[in-house]
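Peer 1: coordinates only, no sequence provided:
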């Protein structure tokens, strides 16, 4: 058997560099034969393979599937079985009636198609992830000479008879022989699938009626052309990938470089796309819709095989993951102008790098692909070094909020001038842009208008024919909805902005702004979008109301009869009064007051000027209801009048609950109590009261007393009502907060309880006293773990315990029972034997049997919770040991506490120091991701085992010569950015969306953003 040596390794690398067009089964290695110097050297064509364990071997020559039908080649037992199945199909086709054959071959083809797309897809996926096929062959001992010599000898005969002279069963590794055995199964499935489809199609053959001879001729010509094209595509594809790619050899071992050219440049995945053109050609020839629909279903199933197995396997095997937020300096424009070729390359590089920076993994293409050899790592490192090449004009970035220049590394990062990178350029021009309905934000004016226009368009399309009363009702509901949205919807939004800076907080959380922006960008964008939404709502309120009045209006036949002319006259006057008051209000308020600028902008001077119409009225907006009552008078409609009443009440609510409280908070005692109009009315009332008193004579005291009592009664009722409302609101506020908090807890608990607790029935054969699980204390010797810190758990179980046992983390109190777990772990679990699970699915392996009767009866081990298996919310938790992949609790331990560091003082240095602890833990302490400022200056950071987010951290290359800012960090996926978002929310009380964290990707920038958010939101 060949041993893993370093000899062939240079040949593998050299072959990659010297030969870019290496065929799938032919890779040349030059060997010089001994002899005369004038004799040209001979070149032996040698193909080298490499197992996942690193063993290098010489790959023998293989033959394609057509040798099965060649009488000159020997036939194995498996070949004979395959030929028997094929012959049986032919016999059944000629013996069964056409209807019976049609039904039989339909289900027979469905069976083989399922065996191909579902069966092969399932086993190949498991082999790609966990080498399941090879492990099963090892477990069953089929190729073990000691355990199953008869089976091994039979398999050897089956394989050796089909191979050439360069094949040696005993010298080749297990993976290669397993692949050859797997090929036999694939041949059975593929050939029977193909023949079953043909038999079904021939059994459905018919000549369509009602077609001319020309159509029939064209139908046959088109069908034959498609079949010929199908055969050509398959043949060319096999010539490119050879048997190695045809039978998914890279799932078992690696072999040189895969080159996808020729027909693979014709269409994406030609074997699965245009390679099925023969299906439709045969459908044309047989003239059957049943064959066409079966062909479509089979083709769709093949695309499912491509999506669920082929593409993920290519991604795992050949894909190169690049970290998010990787800052690569842009090539200076002057250098691009100097060289045209460099300019073209730089443009392509910029676009591709920006795309690759934002995508967690580059998409699989049909281009040239390399295998996972040392050659691949060398090329990757070269690419990384090119991206990190220092620029001669490199400068240092300033660290942020005027941090002290002298201090330790934790207090102030080295000042650097930020180089414009592709990452920063991308986030400068693209910030959660809406693509159709993806990233829709209804608090963004353009998105709100988009949804509104689409809603109206859909309503017009799906609106049925309505009667006149139904049309009026629809117009009324439409106008009422806009009226309520304008007053209550926008009123609540504006009140939330007044009380908690809701809109500014929303934009600070979800959108990225420059580091030294000091929050002004969020304020400006929030105000700009508020203005657009407010103006749109106001316009739609008027338009919908006028539309309702128009639908209800009818031109009078006789203007002078009744009150028709009076109604129209008064209505026009009221509409005119509304227009006049609105123009006067706008003249005094200007744009700043018209759009409620004092709710957003604090830079404007806070003073009141009672001029224009405000000299007479405190709230001239009340007059704006006059237009709605004017429309009601003109139309004479009760619906319009009801809308006017609702409009008046909603406007009163807006003034009393939104605008007036904000004005009192902003201007305080400078607000006058009575406007000019009210003062005049009061003076006139007091003058008339004195006149009435003088004329009342001896009845004056009595009238005065009655007036005082009536006024006192009204004042008392008003005061008591106000006190009751205020008391109700004061008492309801904490209760509402409690209800909201309880609702959040219930939602969390309901999410945890979305699980069906499966319990085992064989607990009687297990002694729970022999099970024990214990938490390993943290570094400080306590059971307090920082958010993101790995948690180690030791376990002990009987030697015959189930190999599907697992351990989960749960909140304390989430489970009432200590015997059965009834809540979901929410992903916070690890298997006791990790190598015996395929993701969430156990592999059903048998427990090992002790050979020594004196061996221990218990087994011990340790598992580590890290990455996505950790709790990312602070609180009290416990661990539970479960039996046999089910929810029976065999042991538990706890509680332990998950905490997060909080700064003692809210300044730049302390916030940055806290982030220096939080961010590396959220990035799994991966040295290729965490900021350089978080690494020990002398001792290099040693990463723990790869997390679920970073299978291979080494792929990013080393940090030597890296010119990035010491505070920059990167991500493998947005999942890590979400962890940082949760940690910041719990440590600082500031909400920042993961997209913003990816855009910043810098400790100083995040610290500045947190400080700015706290400063703005605390005002």
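Peer 2: Okay, I see it. This is a predicted model, so every value here is computed, not measured.

Peer 1: residues making contact with the one helix or strand residue 482 maps to?
Peer 2: Using DSSP states H and E, residue 482 sits within helix 468-484. Defining contact as CB atoms under 8 Å, 6 or more residues apart in numbering, one finds that helix 468-484 is touched by 466, 537, 540-541, 544-545, 547-548, 551-552, 639, 642-643, 646-647, 650. From N, CA and C alone the C-beta is placed, and that goes for glycine too.

Peer 1: closest to residue 910 among these?
Peer 2: Set against residue 910, the nearest of those by CB to CB is residue 537 (43.5 Å).

Peer 1: residue contacts, the closest one?
Peer 2: Listed by CB under 8 Å, 6+ apart, the contact partners of residue 537 are 482, 485-486, 489-490.

Peer 1: counting neighbours, which of those comes out on top?
Peer 2: residue 486 (23 neighbours; other CB atoms under 10 Å).

Peer 1: isn't that one up against residue 539?
Peer 2: No - Residue 486 is beyond contact range of residue 539, at 9.8 Å (criterion: CB atoms under 8 Å).

Peer 1: pLDDT weak spots in the stretch 551-700 of the chain?
Peer 2: Within the stretch 551-700 of the chain, the ranges that satisfy pLDDT under 70 run 604-609, 615-616, 618, 624, 669-700.

Peer 1: hmm, back to that, for the helix or strand following the helix holding residue 482, name the packing helices and strands.
Peer 2: Later in the chain than helix 468-484, the nearest helix or strand by DSSP H and E is helix 490-500. Helix 490-500 is packed against helix 502-510, helix 520-552, helix 660-667, with contacts defined by 3 or more CB pairs under 8 Å, 6 or more residues apart in numbering; DSSP states H and E.

Peer 1: and residue 343, what pLDDT?
Peer 2: At residue 343, the predicted lDDT confidence score is 42.

Peer 1: and residue 364, by the same measure?
Peer 2: We have a pLDDT of 36 for residue 364.

Peer 1: and what of the one 10 residues further on?
Peer 2: At residue 374, the predicted lDDT confidence score is 35.

Peer 1: what ranges do the helices span in the stretch 751-900 of the chain?
Peer 2: In the stretch 751-900 of the chain, no helices are defined using DSSP state H, counting those that start in this stretch.

Peer 1: quick one: low-confidence parts of it?
Peer 2: Using pLDDT under 70, the flagged stretches of the stretch 751-900 of the chain are 751-758, 835-856.

Peer 1: how about a cut-off of 90?
Peer 2: Applying pLDDT under 90 to the stretch 751-900 of the chain flags the ranges 751-770, 779-780, 799-804, 813-819, 822-827, 833-859, 883-886, 894.

Peer 1: ok, and the closest non-adjacent residue to residue 585?
Peer 2: Nearest non-adjacent residue to residue 585, counting by CB to CB, 6 or more residues apart in numbering: residue 620, 5.1 Å away.

Peer 1: what is the helix or strand hosting residue 1004 packed up against?
Peer 2: Element membership of residue 1004, judged by DSSP H and E, is helix 1003-1018. Judged by 3+ CB pairs under 8 Å, 6+ apart, helix 1003-1018 is in contact with helix 502-510, helix 908-922, helix 974-988, helix 994-1000.

Peer 1: kindly recompute the last result at 6 Å.
Peer 2: helix 908-922 (3 or more CB pairs under 6 Å, 6 or more residues apart in numbering; DSSP states H and E).

Peer 1: now the strands for the stretch 51-200 of the chain?
Peer 2: Per DSSP state E, counting those that start in this stretch, the stretch 51-200 of the chain carries strands over the ranges 56-58.

Peer 1: where does the prediction get shaky in it?
Peer 2: Residue ranges of the stretch 51-200 of the chain with pLDDT under 90: 53-54, 61-76, 129-131, 135, 139, 144-145, 158, 160-166.

Peer 1: now with 80, please.
Peer 2: Applying pLDDT under 80 to the stretch 51-200 of the chain flags no residue at all.

Peer 1: from the chain's centroid, how far away is stretch 267-283?
Peer 2: Remark: stretch 267-283 is offset 33 Å from the chain centroid, using CA atoms, centre = their mean, to the nearest Å.

Peer 1: right, I mislabeled it, should have said stretch 435-446
Peer 2: Centroid separation between stretch 435-446 and its chain, computed with CA atoms, centre = their mean, is 17 Å.

Peer 1: and that stretch, what's buried?
Peer 2: 441, 443-445 (16 or more other CB atoms under 10 Å).

Peer 1: okay, now the domains of this structure?
Peer 2: 48-260+270-318, 428-673, 677-746, 755-843+855-899, 902-934+963-1018 (the TED database).

Peer 1: winner for burial among the ones you listed?
Peer 2: When the domains of the chain are scored by mean count of other CB atoms under 10 Å, the highest mean neighbour count falls to domain 902-934+963-1018 (a mean of 22).

Peer 1: between the two ends of that one, what distance do you get?
Peer 2: 18 Å (CA to CA, to the nearest Å).

Peer 1: including distance to residue 184 and pLDDT, could the contacts of residue 537 go into JSON lines?
Peer 2: Below are the contacts of residue 537 laid out as JSON lines (distance: CB to CB, whole Å; pLDDT from 0 to 100):
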{"residue": "482", "distance to residue 184": "71", "pLDDT": "93"}
{"residue": "485", "distance to residue 184": "69", "pLDDT": "94"}
{"residue": "486", "distance to residue 184": "74", "pLDDT": "92"}
{"residue": "489", "distance to residue 184": "69", "pLDDT": "93"}
{"residue": "490", "distance to residue 184": "71", "pLDDT": "93"}
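
Peer 1: ok, of these, which one's closest to residue 871?
Peer 2: For the contacts of residue 537, the residue nearest residue 871 by CB to CB is residue 489; the value is 37.8 Å.

Peer 1: any idea how far the residue nearest to that closest one when sequence neighbours are not counted lies from residue 491?
Peer 2: Among residues not flanking residue 489 along the chain, residue 537 sits closest, at 7.7 Å (CB to CB, 6+ apart). Applying CB to CB, to the nearest Å, the value for residue 537 to residue 491 is 11 Å.

Peer 1: for residue 864, same thing?
Peer 2: Residue 864 sits 53 Å away from residue 491, going by CB to CB.

Peer 1: got the contact list for stretch 584-594?
Peer 2: The contact list for stretch 584-594 (CB atoms under 6 Å, 6 or more residues apart in numbering) reads 611-614, 620.

Peer 1: residue 158: what's its closest spatial neighbour, skipping adjacent residues?
Peer 2: In this structure, residue 158 finds its nearest non-sequential neighbour in residue 76, 4.1 Å apart by CB to CB, 6+ apart.
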